[in-house]
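> Fold the following.
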Amino acid sequence: MQDFLLPLTLLAAIALAGAAWTILQLSKRRTALRRIREEAGELRPQAEYDPETGLPTRALLYHRLHRAITAPTATHAFTVALVRIPDAAGQARMAGLGAERALWAAAFNRLASVLREGDIVARWDAESLALHVSSQLDAIRLDETLRIALGQVLVMPERHLALNVEVGTSAFPTDGRAPGLLLAEATHRLRPVVAAG
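Purely as a prediction, here's the structure:
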């Protein structure tokens, strides 16, 4: 009988050791996955929001546009606009602003007066902001509204500033059915804003 129990005991010990090793490996994997998720959670805000302006990035705008285009209610028209401030750093310096960030903040505040709930302004590149406007403004009316708003002198503490700015718009679905096409069309339509007065 003992001859029979010894191999069973050895098999049980090997099985327990294998189970313990498997549990240890799973624990290590869970710890590694938890660390990866925590790091991803810390990086997500950096990837989705521009550190200089605090605005959403182009990745977040693309995601938003893609969702709007592929949604079951994608028949709802919306407009995309691009606002370019050529040589923003140079304009900020010439205006005597301490940082380019103040120029972007002033431009954003002016744009915010035109936008409605559900609209988004994102940092497109070093010189541009992109807008997804879901309200009923068509591309032509949005273009005119942005030109009027940005053509006004920006009143800032101790200074007034007339921005050198360009605006271009495109509409979904008329001008395209993909984020890249809509933004390319808005870029193609960039024209300088004539300052008021």
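> Could you chop the protein up by domain?
Domain assignment for the chain, taken from automatic domain parsing, gives 1-48, 58-192.
> any chance of the ones you listed in a markdown table, plus mean pLDDT and mean neighbour count?
Every C-beta, even on glycine, is put in place using the N, C-alpha and C of the backbone. Shown next, in a markdown table, are the domains of the chain (pLDDT from 0 to 100; neighbours: other CB atoms under 10 Å):
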| stretch | mean pLDDT | mean neighbour count |
| --- | --- | --- |
| domain 1-48 | 70 | 10 |
| domain 58-192 | 84 | 17 |
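> where do the helices sit along this protein?
2-48, 58-70, 88-94, 100-112, 139-151, 179-188 (DSSP state H).
> Out of the ones you listed, the one nearest residue 130 is which?
Nearest of the helices of the chain to residue 130, taken as CB to CB: helix 58-70 at 5.5 Å.
> for the helices of the chain, which one sits closest to residue 171?
Closest to residue 171 of the helices of the chain, according to CB to CB: helix 139-151, at 4.0 Å.
> Which elements pack onto the closest one?
Using 3 or more CB pairs under 8 Å, 6 or more residues apart in numbering; DSSP states H and E, the elements in contact with helix 139-151 are strand 78-84, helix 100-112, strand 166-172.
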